[in-house]
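**Q** Mind folding the following:
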Amino acid sequence: MVGICRTTTGRWLLGVVLAVVVLLPLAAIQLEISPHRVTLGTVVVTALLLIGTISLPALLFAEWHGTDE
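**A** From the prediction side, this is the model:
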């Protein structure tokens, strides 16, 4: 049961990381990003960067923890 949970979590995290990798350049190119004012593009890119910075280490630690046990 623990192995199934760990595999599912790893797949979810991998999906999130891949989605961020694909959507971040797309959002940066298609949406307006301004350092002087808050725009939709700024909010979307910031959210994607935050999600990526949380999910990538979580994926690495989940895989590393899975190989230890």
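**Q** The least confident helix or strand in the chain by mean pLDDT packs against which elements?
**A** For the chain, using mean pLDDT, DSSP states H and E, the weakest element among its helices and strands is helix 2-30, scoring a mean of 82. Using 3 or more Cβ pairs under 8 Å, 6 or more residues apart in numbering; DSSP states H and E, the elements in contact with helix 2-30 are helix 40-68. Yep, even glycine has a C-beta here, placed from its N, CA and C like the rest.
**Q** so who does the most centrally placed residue in the chain touch?
**A** Nearest to the geometric centre of the chain sits G52, at 3.1 Å (Cα atoms, centre = their mean). Contacts for G52 were tallied using Cβ atoms under 8 Å, 6 or more residues apart in numbering; they are 17, 20-21, 24.
**Q** and which of those is nearest L59?
**A** Taking Cβ to Cβ as the measure, L59 sits nearest to V17 out of those, at 5.6 Å.
**Q** That closest one reaches L56, doesn't it?
**A** Yes: contact between V17 and L56 holds when scored by Cβ atoms under 8 Å: they sit 5.5 Å apart.
**Q** Give the helix, strand or coil label for E32.
**A** Here E32 is coil, with the state taken from DSSP: H, G, I helix; E, B strand; the rest coil.
**Q** how much space between it and T9?
**A** When distance is defined by Cβ to Cβ, to the nearest Å, E32 is 36 Å away from T9.
**Q** Please say which of those two ends up with more neighbours.
**A** Summary of the neighbour comparison: E32 and T9, criterion other Cβ atoms under 10 Å, with T9 having more neighbours (15 against 9).
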